[in-house]
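Asks: curious how this folds, go ahead:
(2 chains)
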Protein chains: 2
Amino acid sequence: METEAQNLALLSDRYEFTMAAAYFKNKMLAPATFSLFIREYPENRGYFVSAGLERVLHFLEEFHFNQEDLDYLNQDGDFSDDFLHHLSGMRFTGDVHAIPEGRLFFKDEPVLEVTAPIIEGQLVETFVINAINLQVSLATKASRCVQAAQGRRLVDFSLRRAQGTDAGLQLGRASFIGGFAGTSNLLAGKVYGVPTSGTMAHSFVTSFSEEIDAFHAFAETFPDNTVLLIDTYDTIQGAHKAVEVGKKMAEKGHQLRGVRLDSGDMAELSKDVRKIFDDAGLKDVKIFASGGFDEFKITDVLERGAEIDAFGVGTKMGVSADAPYTDIAYKLVQYEDRPVLKLSSGKKTLVAPKQVFRKRENGRLSGDWIALREEKIEGADALMKPVMREGKRLGDKEELAEIRERLSDEINRLDERYRRLKDPAEYPVDLGPELEKLQKEVIHEVKEKELGES
Amino acid sequence: METEAQNLALLSDRYEFTMAAAYFKNKMLAPATFSLFIREYPENRGYFVSAGLERVLHFLEEFHFNQEDLDYLNQDGDFSDDFLHHLSGMRFTGDVHAIPEGRLFFKDEPVLEVTAPIIEGQLVETFVINAINLQVSLATKASRCVQAAQGRRLVDFSLRRAQGTDAGLQLGRASFIGGFAGTSNLLAGKVYGVPTSGTMAHSFVTSFSEEIDAFHAFAETFPDNTVLLIDTYDTIQGAHKAVEVGKKMAEKGHQLRGVRLDSGDMAELSKDVRKIFDDAGLKDVKIFASGGFDEFKITDVLERGAEIDAFGVGTKMGVSADAPYTDIAYKLVQYEDRPVLKLSSGKKTLVAPKQVFRKRENGRLSGDWIALREEKIEGADALMKPVMREGKRLGDKEELAEIRERLSDEINRLDERYRRLKDPAEYPVDLGPELEKLQKEVIHEVKEKELGES
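Replies: Okay, the predicted model is just below:
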């Protein structure tokens, strides 16, 4: 496939390369630190889930330009031979500190910092933002759906309307981290080992002359794994036909696993369908529901007493429809030993390499501090870990199950007011005293120098 | 990169495979027609841009399962050896009719129909929806930004916050079809031949001890292609420094191409900055603006008299933030020679293979008809073309420039009321008389058979 055969080093904004060329011409080869953070919460968000780090580390380990890339860059004559030669031998040789996947983080907190020769740190910017932005958005959205479902199983159904193939694939991973039981996406199953599920669509039902024939045919093919989609013509009549099939399966020693509702008023229909199965003595048949679910619709149907055992959660989760992007930025915070920042209106940055500290009280998260990397905050845990040194990954790839467990534990330790699905309260994040002092000094110095203020 | 080395035949919902296994067991190998269409307009949308077909055709041509895919499917024991053997030799052997890329289409109109042995038509569903949904969403959103910009240049800046690498790449293509002048995305430049642009970010400015040094250094590296980002510390003071650099460049026989604003009140700042350059005799220096632009913000700043020559359009276009997905569906409409449909509440489908007809009056688009494939609508053009027969593509790959031109022409022929950016009127789409008749017959028959109504 054309998009998949490509080396991703050029999946980058052109300005990364023009800046790199200018650094190169000006012999600026010193180390720089870039900090990745989210400036604001989208509406109704009070936390973010760290996710996407594994992909960033993989990218950095593999980072290189091939001849085709260099030929393309050479085409328009903007880049000198010396610079292209420099790129031809380039590997990523920097250090990365990051908050591990599956931990919560909050606005302004660096979730990842890169320290590398400035050209390398600059050239990887676009990919790093893209990878983290997507998985953070999706894992955060998924975790909200999991909260709403109160223990019921959720399965990711969103591949078809995900924004592209890569988002579709990563969704399988991010939603599993967020607490989903699995995904419909077979490639995510193959690549990430996430459990997959799926049985039938309307096309299967309509391809038979009668609905009941489709039900029987499926049950014969998968006698121990049949979930019948019952809304193709009419949900209630579909339920009665499913009872007939379920009874026939039982006679043969098998069991109808469930039925799926995909349209109509799910709260009311699920109660009616539950009663039909219970009255027929098929109390073990589960009710699955899909169609437009997200954390808000799940909450709504459950509040209305829906008898739904599991949800297929699709598009709205899969594109994080109410917050399809985050205000994420990757900013230079230090060059050589000089802490730097920009003052652009509404977009201030925090200087220097940093650390994020988190306190717990009685097992609950009680507050975070953003501090200088070497600062100490008494009684608090340092969240950012060294994960790459001189281009080499430190430690093994983490298991998805472990990341998922970490998130589940941490969300449980977050007070309900900070994680409620609408209008959450803002979790307290302060600046460490040394960072605050340095920040003030640098702002003062920059204003004096650039704006002539004193 | 792990995600890129994968064969995409498994980028599919598991239910496609369980259904295929059940078709196979039941010896259902006859041809089926599936129809791809969008059920509803997202808010403020009155048309869709056809885009993504090229990718679908490429996927269908390459469609196959490799040993790794088959081994994965074999893992959980749900699929029989016979079925897996059937998959191992499978290629896509069907026909495709579609509305060419760059044409407008409207709700309920099939933008693409697949006729193939039912197993093949079923197995390609997920990818086909994913590919078309994304590019249609993005090309439509981009075309709206182009309308708002009234002839000013737009450049796609959205890669970093696009939903994944694939969306980022396809954005470069879709936004170009939509009328953008180019993209920041180098890989889109390499893969699709879209023009790329980009100069500097804040990191470049802050990496120097003084802003003016950064400006001079960049101008020396790219004397004929310098756009200075002037809002790092203060936009007005930045503009004065840019004047200084521009004058120095002029002394050496070069010309400062432009400056970029990236924060603050763009309408007001652009007027102030324009005046600073005009007063300094640098009337040819262009003003670029970026930061949160979409069709609504572009309209707003232009209405307020902004002196902006070109826009970098980022995230909100790149994820189609106000409409991050479409209500797109791929439905079985015929099996063997039997037209089929579902009746699910709010999700009815139109039976049988179809054609879309469009009338023009005085060069303006005056109305569409959805009709049976073989139906004729007097004086109207048939929009769906045969693009693949028995798995082989018909005709050459279209040039992007040609697709872009086709869209520009067609949008110009669409009355303003149907394409205005807020609350557009609904473009008239009727059913052809023969389709309408068949649709009624099939609904009657299905209700009689499945619901016992007569």
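
Asks: you'd agree residue A:434 is up against residue A:373?
Replies: No. Between residue A:434 and residue A:373 there is no contact under CB atoms under 8 Å: 10.1 Å. C-beta here means a position set from N, CA and C on the backbone, and glycine is covered the same way.

Asks: point out where the stretch 251-400 of chain A drops to low pLDDT.
Replies: Applying pLDDT under 70 to the stretch 251-400 of chain A flags no residue at all.

Asks: so the residue nearest to the spatial centre of chain A, which of the three states?
Replies: Centroid-nearest residue in chain A, with CA atoms, centre = their mean: residue A:135, separated by 2.2 Å. Under the three-state scheme (DSSP: H, G, I helix; E, B strand; the rest coil), residue A:135 adopts helix.

Asks: skipping adjacent residues, who's closest to it in space?
Replies: Sequence neighbours aside, residue A:52 is the residue nearest to residue A:135 in space, at 3.4 Å (criterion: CB to CB, 6 or more residues apart in numbering or on different chains).

Asks: again with residue A:226
Replies: residue A:219 (4.8 Å).

Asks: and the one you found, how many neighbours?
Replies: Number of residues near residue A:219 (other CB atoms under 10 Å in any protein chain shown) recorded here: 23.

Asks: host element of it?
Replies: Assessed by DSSP states H and E, residue A:219 sits inside helix A:211-221.

Asks: starting at the chain centroid, how far to that helix?
Replies: 38 Å (CA atoms, centre = their mean, to the nearest Å).

Asks: show me what contacts residue A:104?
Replies: A:47-50, A:365, A:407, A:410-411, A:414 (CB atoms under 8 Å, 6 or more residues apart in numbering or on different chains).

Asks: please identify which of those residues is nearest to residue A:165.
Replies: Set against residue A:165, the nearest of the contacts of residue A:104 by CB to CB is residue A:49 (22.6 Å).

Asks: residues touching that closest one, list them.
Replies: Under the contact definition (CB under 8 Å, 6+ apart), the residues listed for residue A:49 are A:102-104, A:136, A:139-140, A:143, A:177-178, A:407.

Asks: need the max-distance pair from those.
Replies: Most distant of the contacts of residue A:49, by CB to CB, are A:103 and A:178, 13.0 Å apart.

Asks: any common contacting residues for these two?
Replies: A:49, A:407.

Asks: just the pLDDT for the residue nearest to the centre of chain A.
Replies: Residue A:135 is assigned a predicted lDDT (pLDDT) of 98.

Asks: is it correct that residue A:168 falls within a helix?
Replies: Yes. Under three-state DSSP, residue A:168 sits within a helix.

Asks: I'd say it and residue A:162 touch.
Replies: Yes. Using CB under 8 Å, residue A:168 is in contact with residue A:162, at 3.8 Å.

Asks: what touches both of those two?
Replies: A:318, B:130.

Asks: could you find the closest non-adjacent residue to residue A:246?
Replies: Distances taken as CB to CB, 6+ apart place residue A:256 nearest to residue A:246, at 3.6 Å, with adjacent residues excluded.

Asks: who's in contact with that neighbour?
Replies: When contacts are taken as CB under 8 Å, 6+ apart, residue A:256 is in contact with A:219, A:226, A:228, A:242, A:245-246, A:249-250, A:282, A:285.

Asks: buried ones from the residues you listed, can you make that a PyMOL selection?
Replies: Per 16 or more other CB atoms under 10 Å in any protein chain shown, the buried members of these correspond to this PyMOL selection:
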select buried, chain A and resi 219+226+228+242+245+246+249+282+285
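
Asks: what's the burial count for residue A:279?
Replies: 10.

Asks: again, but for the one 5 residues further on
Replies: One way to gauge burial is a neighbour count; for residue A:284, by other CB under 10 Å, it gives 12.

Asks: residue contacts, it?
Replies: Counting by CB under 8 Å, 6+ apart, residue A:284 touches residue A:255.

Asks: confirm it sits in a helix?
Replies: No. Looking at residue A:284 with three-state DSSP, it is coil, so not inside a helix.

Asks: could you identify which of the contacts of residue A:104 has the most neighbours?
Replies: Neighbour max across those (other CB under 10 Å) = residue A:49, 29 neighbours.

Asks: thinking again about what came up before, secondary structure class for the residue nearest to residue A:246?
Replies: coil.

Asks: how far away is it from residue B:18?
Replies: Using CB to CB, to the nearest Å, residue A:256 is found at 15 Å from residue B:18.

Asks: swap in residue A:247?
Replies: For residue A:247, the distance to residue B:18 - CB to CB - is 22 Å.

Asks: and residue A:139, by the same measure?
Replies: 28 Å.

Asks: between these two, which one's more packed in?
Replies: residue A:139 (31 against 24).

Asks: nearest spatial neighbour of residue A:177, skipping sequence neighbours?
Replies: Nearest one to residue A:177, counting by CB to CB, 6+ apart, is residue A:139 at 4.8 Å.

Asks: isn't the one you found up against residue A:178?
Replies: Yes. Residue A:139 is in contact with residue A:178 according to CB under 8 Å; the separation is 4.6 Å.

Asks: quick one: common contacting residues for these two?
Replies: A:49, A:407.

Asks: so what are the domain limits for chain A?
Replies: The record's domain parsing of chain A by automatic domain parsing lists A:8-138+A:323-451, A:150-318.

Asks: so which of those is the most packed in?
Replies: domain A:150-318 (a mean of 22; mean count of other CB atoms under 10 Å in any protein chain shown).

Asks: and it, end to end?
Replies: 20 Å (CA to CA, to the nearest Å).

Asks: against residue B:259, how distant is residue A:196?
Replies: To residue B:259, residue A:196 is 52 Å away according to CB to CB.

Asks: for residue A:340, same thing?
Replies: Counting by CB to CB - residue A:340 and residue B:259 are separated by 21 Å.

Asks: coming back round to it: just the ones of the contacts of residue A:49 in strands?
Replies: Counting by DSSP state E, those place residue A:104 in strands.

Asks: excluding its backbone neighbours, what's nearest residue A:453?
Replies: residue A:447 (4.4 Å).

Asks: make sure that neighbour is actually in contact with residue A:441.
Replies: No. Look at residue A:447 against residue A:441 with CB under 8 Å: they stay out of range, at 11.0 Å.

Asks: now for the residue of chain A most remote from its centre: which residues touch it?
Replies: Of all residues in chain A, residue A:251 has its C-alpha farthest from the mean position, at 45.1 Å, by CA atoms, centre = their mean. Neighbouring residues of residue A:251 by CB under 8 Å, 6+ apart: there are none.

Asks: do you know how far it is from chain B?
Replies: 20 Å (CB to the nearest CB, to the nearest Å).

Asks: so how far is stretch A:415-428 from its chain's centroid?
Replies: The answer for stretch A:415-428 is 19 Å, by CA atoms, centre = their mean.

Asks: residue ranges with poor pLDDT in the stretch 101-250 of chain A?
Replies: Nowhere does the stretch 101-250 of chain A drop to pLDDT under 70.

Asks: now the strands for it?
Replies: Along the stretch 101-250 of chain A, counting by DSSP state E, counting those that start in this stretch, strands occupy A:104-105, A:112-117, A:153-156, A:182-183, A:227-229.

Asks: save those strands as CSV, and put in distance to residue A:37 too.
Replies: Shown next, in CSV, are those (distance: least, CB to CB, whole Å):
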stretch, distance to residue A:37
strand A:104-105, 8
strand A:112-117, 9
strand A:153-156, 27
strand A:182-183, 29
strand A:227-229, 43
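
Asks: which of the ones you listed sits closest to residue A:97?
Replies: Between the strands of the stretch 101-250 of chain A, strand A:112-117 lies closest to residue A:97; by CB to CB that is 4.9 Å.

Asks: now that closest one: how far from the chain's centre is it?
Replies: That offset, for strand A:112-117, works out to 22 Å (CA atoms, centre = their mean).

Asks: could you do stretch A:443-454 as well?
Replies: 39 Å.

Asks: repeat for stretch A:8-17
Replies: On CA atoms, centre = their mean, the centre of stretch A:8-17 falls 23 Å from the chain's centre.

Asks: put the alpha carbons of that stretch into CSV.
Replies: Extracted as CSV, the C-alpha positions of stretch A:8-17 are listed here (Å, rounded to 0.1, in the frame of the first residue of the first chain):
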residue,chain,number,x,y,z
LEU,A,8,8.2,8.3,8.2
ALA,A,9,11.2,10.7,8.7
LEU,A,10,9.6,13.0,6.1
LEU,A,11,6.2,12.9,7.8
SER,A,12,7.1,16.3,9.1
ASP,A,13,6.4,20.0,8.6
ARG,A,14,8.7,21.6,6.1
TYR,A,15,9.7,24.3,8.6
GLU,A,16,11.5,21.7,10.7
PHE,A,17,13.9,21.2,7.8
